[in-house]
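Enquirer: this one's sequence-less:
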């Protein structure tokens, strides 16, 4: 049934659709990976390991989202 006043429901997004937040996470992962590499090359191994853990967490998140 169509016509004025008929609720057609809200458009639904598929669960795997990427959004702006996913883009931000991908950009963050890239920046953190570059920071990790820079810290490692400058001799800050412990700090590089912490940042590497963050990169892994974000990579897992993005992989689960399918972005």
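Expert: Alright, I've got the coordinates. Everything quoted here is computed from the prediction, not taken from an experiment.
Enquirer: quick one: contacts for the residue nearest in space to the middle of the chain?
Expert: Centroid-nearest residue in the chain: residue 25, 2.9 Å away (criterion: Cα atoms, centre = their mean). Residue 25 sits next to 58, 61-62, 65, 67 when contact means Cβ atoms under 8 Å, 6 or more residues apart in numbering. Quick note: C-beta positions are derived from backbone N, CA and C, even for glycine.
Enquirer: what about the helices in the protein?
Expert: 20-41, 45-65 (DSSP state H).
Enquirer: any weak-confidence spans in this protein?
Expert: For the chain, applying pLDDT under 70 flags the ranges 1-16, 67.
Enquirer: count the residues that sit near the residue lying closest to residue 40 once chain neighbours are set aside.
Expert: Spatially, and ignoring its direct neighbours in sequence, residue 40 is nearest to residue 48 (4.0 Å; Cβ to Cβ, 6 or more residues apart in numbering). By other Cβ atoms under 10 Å, 18 other residues sit near residue 48.
Enquirer: and what of residue 49?
Expert: 12.
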